[in-house]
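A.B. asks: Sequence and predicted structure are below.
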Amino acid sequence: MRNGGRLKYGAGVNSAAPAQQHAHRAKPAPIVLITLLSVPSKEILTSARDLFLRVPGCQRAVRAATLRGLVPSAVWRRLHPTGEWSMQAPDGSTFRYVSSDADILARSLIWTNMRHWEETTHPLFYQLARNARRFVDIGAFSGIYTLLACRANPQLEAVAVEPNPAAIRMLNRNVRANGLESRVTIIDKALSDAPGRAVLRIPTNTTTASLLARRPAQRVLDVDVTTGDALLDGLAVDLIKIDVEGLEPQVLRGMEKSIRVHHPAIIAECLDKAALSRVRETAFDLGYRRIQHLGDTGPVPVTADLVPPARYANFLITRDAAAAS
């Protein structure tokens, strides 16, 4: 029912008695109306929207209209795509992305083909991945950066780290949909600066799950924690993406040996000025001297008074200018 929005009609219909079928269909209408009137209007609208999106071809039409700029963001952000989709990478090549009802990231990815999702980060990331031997995706969620890296470079191997079981299921589906099982290693743990156990706090927006105790949570899970150095065990790494909702400095310190030996380019999320200061200090301790904000106009050097805006919270960290060009 969900793949491509297809829905089968006619199951169980007796084609020999069309008049009886019509009469049978008409009878429940008053019952349906009474039922709808007994439900709060918001729930009626939500149900109608969800049913509408399951009409054959409807999701494809919504995507086509959105890509042409005919659907406002206030509308497509409330519509949820499901099933398997063809996505276009920055160089025009394609890959597959599978969206489930639980994939909160899918709306921004699918309806606009990533035009309104980290649009100044993923094209630059794609270029960096072209020359990387191994990519480590820390806080992989559904695996979109892993998919992009593997699409950019057919020789690249990826390590996708994600402790949330619900996100791991999405990640596995996307890896399988693209036939990447031999190139992607999925690690169902969290990373920090020391191994052990920790509590993963998962809010309603599951993309912002965190190990930090001060974060709000709808539910909590005990998860295994390891370090990047233990995980890599001497393997070369050229590119790292870190999105762990405030724990970025600890993750960097837990990868100190690998970072000092291989000097990978690092893309890290910093949600506020204090987080940026901590990441910058940790990176400098590890020998990195260049940090750029991936803002709405592209990479620019970080200034002392920069406050990361909500929509553009990613930063590129390199040892020198060459890797950032």
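C.D. replies: Looks like it arrived, so ask away. Residues are numbered from 1 along each chain as shown.

A.B. asks: Pull up the per-residue confidence for residue 298.
C.D. replies: pLDDT recorded at residue 298 is 90.

A.B. asks: for the one 3 residues further on, same thing?
C.D. replies: Residue 301 is assigned a pLDDT of 95 by the prediction.

A.B. asks: Could you list everything it pairs with in the sheet?
C.D. replies: residue 292 (DSSP bridges).

A.B. asks: how many other residues sit next to it?
C.D. replies: Residue 301 is flanked by 11 other residues according to other CB atoms under 10 Å. The way it works is simple: take the backbone N, C-alpha and C, and place the C-beta from them, glycine included.

A.B. asks: same thing with residue 245?
C.D. replies: Neighbour tally, residue 245, other CB under 10 Å: 18.

A.B. asks: Settle this for me: it is touching residue 206, isn't it.
C.D. replies: No. Counting by CB atoms under 8 Å, residue 245 stays clear of residue 206, with 11.2 Å between them.

A.B. asks: How many residues are close by residue 64?
C.D. replies: 13.

A.B. asks: Kindly report the same for residue 296.
C.D. replies: With other CB under 10 Å as criterion, residue 296 counts 11.

A.B. asks: Next: residue 262.
C.D. replies: 18.

A.B. asks: who touches residue 178 in this structure?
C.D. replies: Taking CB atoms under 8 Å, 6 or more residues apart in numbering, we find residue 178 in contact with 95-96, 147, 150-151.

A.B. asks: make it 10 Å
C.D. replies: 87, 94-98, 143, 146-147, 150-151, 184 (CB atoms under 10 Å, 6 or more residues apart in numbering).

A.B. asks: swap in residue 296?
C.D. replies: Here residue 296 is in contact with 119-120, 309, 311-312 (CB under 10 Å, 6+ apart).

A.B. asks: out of those residues, what pair is the most spread apart?
C.D. replies: The span of those, defined through CB to CB, is set by 119 and 309 at 13.4 Å.

A.B. asks: The two: which has the busier surroundings?
C.D. replies: Neighbour comparison, residue 119 and residue 309: the larger count goes to residue 119, with 16 against 10 (by other CB under 10 Å).

A.B. asks: now residue 282: how far from residue 252?
C.D. replies: 5 Å (CB to CB, to the nearest Å).

A.B. asks: list residues touching both of the two?
C.D. replies: With CB under 10 Å, 6+ apart, residue 282 and residue 252 have common neighbours 193, 259, 268, 288, 317.

A.B. asks: Closest one to residue 133 out of those residues, please.
C.D. replies: Nearest to residue 133 among the shared contacts of residue 282 and residue 252, with distances taken as CB to CB, is residue 259, at 15.0 Å.

A.B. asks: what's the burial count for the closest one?
C.D. replies: 24.

A.B. asks: likewise residue 176?
C.D. replies: Neighbours of residue 176 (other CB under 10 Å): 13.

A.B. asks: ok so it is a helix residue?
C.D. replies: Yes. Under DSSP: H, G, I helix; E, B strand; the rest coil, residue 176 sits within a helix.

A.B. asks: List the buried residues for stretch 234-253?
C.D. replies: Buried residues in stretch 234-253, counted by 16 or more other CB atoms under 10 Å: 237-253.

A.B. asks: go on, stretch 122-141?
C.D. replies: Result for stretch 122-141 [16+ other CB under 10 Å]: buried residues 122-126, 128-129, 132, 134-141.

A.B. asks: Can you flag which of those belong to helices?
C.D. replies: Using DSSP state H, the subset of these located in helices is 122-126, 128-129.

A.B. asks: picking that back up, narrow the shared contacts of residue 282 and residue 252 to just the buried residues.
C.D. replies: Buried among these by 16+ other CB under 10 Å: 193, 259, 268, 288, 317.

A.B. asks: just checking, the second one touches residue 240?
C.D. replies: Yes. Using CB atoms under 10 Å, residue 259 is in contact with residue 240, at 8.1 Å.

A.B. asks: got any residues that touch both of those two?
C.D. replies: Joint contacts of residue 259 and residue 240 (CB under 10 Å, 6+ apart) are 228, 252, 266, 317.

A.B. asks: In a markdown table: the residues you listed, plus distance to residue 176.
C.D. replies: Formatted as a markdown table, the shared contacts of residue 259 and residue 240 follow (distance: CB to CB, whole Å):
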| residue | distance to residue 176 |
| --- | --- |
| 228 | 25 |
| 252 | 31 |
| 266 | 28 |
| 317 | 32 |
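
A.B. asks: So which of these belong to helices?
C.D. replies: Those of these lying in helices (DSSP H): 228, 252.

A.B. asks: how about the helices in the protein?
C.D. replies: Going by DSSP H, the chain shows helices at 18-26, 29-37, 41-53, 58-67, 73-76, 106-110, 122-130, 144-152, 165-177, 228-232, 248-253, 256-262, 273-285.
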